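Visitor: Kindly generate the corresponding structure for this input.
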Amino acid sequence: MGKISAGILLYKKKLDQLQVLLVHPGGPFFKNKDAGWWTIPKGESENDEELLKTALREFQEETGYVPSGNFRPLNPIIQKGGKTVYGWAIAGELEVANIVCNTFDLEWPPKSGKIQQFPEIDQARWFDLAEARLKINERQIAFLDELMTWA
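Guide: Predicted coordinates for the structure are as follows:
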C-alpha cells in the first residue's frame with residue numbers, strides 16, 4: 001500500500017472571488033521551484049491516526065493555526081508518486097504574515113557533515129482559483145475543481 005497524506009484546503013471569499021491558501025515546501029530541494037510545487041498544507045499520518053486529525057495536526061505544524069468548523073471531505077487524489085492524499089475543505093481566515101512553521105534537520109550540502117534546519121514550508125499565500133491552478137501540484141487541481149462545485 002502506498003503512503004497516505006491528509007490535508008486541509010482553507011478557502012475564503014474576497015470581493016465575491018474564491019481564494020485558497022496554498023503552501024510552498026521549504027528546504028533546498030524546492031528553493032527554485034514554483035509552478036506545480038505548491039500544495040494544500042498536508043502530511044503523513046502517524047500509526048493509525050484518524051485522517052482528519054492528521055490533516056489538522058499537519059496544518060497546525062505548517063502554519064501555527066488550527067482551523068475549526070464544519071469540515072467538508074473532498075474526494076481523495078493519487079499523486080504521481082503513488083501517494084494518496086485525503087483532503088477536507090473549510091472556510092477560514094489566516095494572515096499569512098503570522099504563519100509559524102516547524103522545522104526539520106537535513107545534512108546540507110549533501111555529504112558535508114553539516115546539519116542545517118529548514119522550515120517545512122517557506123511561504124504560504126492566498127491565490128484566486130485561476131492562479132492556484134497554475135501553482136498547485138497538478139493532481140491536487142481536483143481539490144480546487146471540487147471546491148468550485150459547491151463553494
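
Visitor: hey, which helix is longest across the chain?
Guide: Using DSSP state H to define each element, the chain has its longest helix at helix 51-63.

Visitor: Which strands or helices does that one pack on?
Guide: Here helix 51-63 touches strand 4-14, strand 42-44, strand 84-91, strand 121-128, going by 3 or more Cβ pairs under 8 Å, 6 or more residues apart in numbering; DSSP states H and E. C-beta here means a position set from N, CA and C on the backbone, and glycine is covered the same way.

Visitor: Next secondary structure after that helix?
Guide: strand 72-78 (DSSP states H and E).

Visitor: ok, that following strand: who's next to it in the sheet?
Guide: Using DSSP bridges, strand 72-78 pairs in its sheet with strand 84-91 (antiparallel).

Visitor: so what does the helix or strand that the partner strand is followed by touch, helix or strand wise?
Guide: Downstream of strand 84-91, the next assigned helix or strand under DSSP H and E is strand 103-107. Strand 103-107 is packed against strand 115-119, with contacts defined by 3+ Cβ pairs under 8 Å, 6+ apart.

Visitor: The strand it packs on vs helix 51-63, what angle?
Guide: Counting by axes from the mean of the first three to the mean of the last three Cα atoms, to 10 degrees, strand 115-119 lies at 110 degrees to helix 51-63.

Visitor: Could you tell me how far strand 115-119 lies from the centre of the chain?
Guide: 19 Å (Cα atoms, centre = their mean, to the nearest Å).

Visitor: Stretch 133-141 now?
Guide: 11 Å.

Visitor: Please state the offset of stretch 46-53 from the chain centre?
Guide: 16 Å.

Visitor: pull the CA atoms of that stretch into PDB?
Guide: Taking C-alpha atoms only, stretch 46-53 is exported to PDB below (Å, rounded to 0.1, in the frame of the first residue of the first chain):
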ATOM      1  CA  GLU A  46       1.200   8.600  12.300                       C
ATOM      2  CA  ASN A  47       0.300   5.000  13.000                       C
ATOM      3  CA  ASP A  48      -3.500   4.600  13.000                       C
ATOM      4  CA  GLU A  49      -4.200   8.300  13.400                       C
ATOM      5  CA  GLU A  50      -7.700   9.400  12.200                       C
ATOM      6  CA  LEU A  51      -7.000  11.200   8.900                       C
ATOM      7  CA  LEU A  52      -8.900  14.400   9.800                       C
ATOM      8  CA  LYS A  53      -6.700  14.600  12.900                       C
END
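
Visitor: Noted, bye for now.
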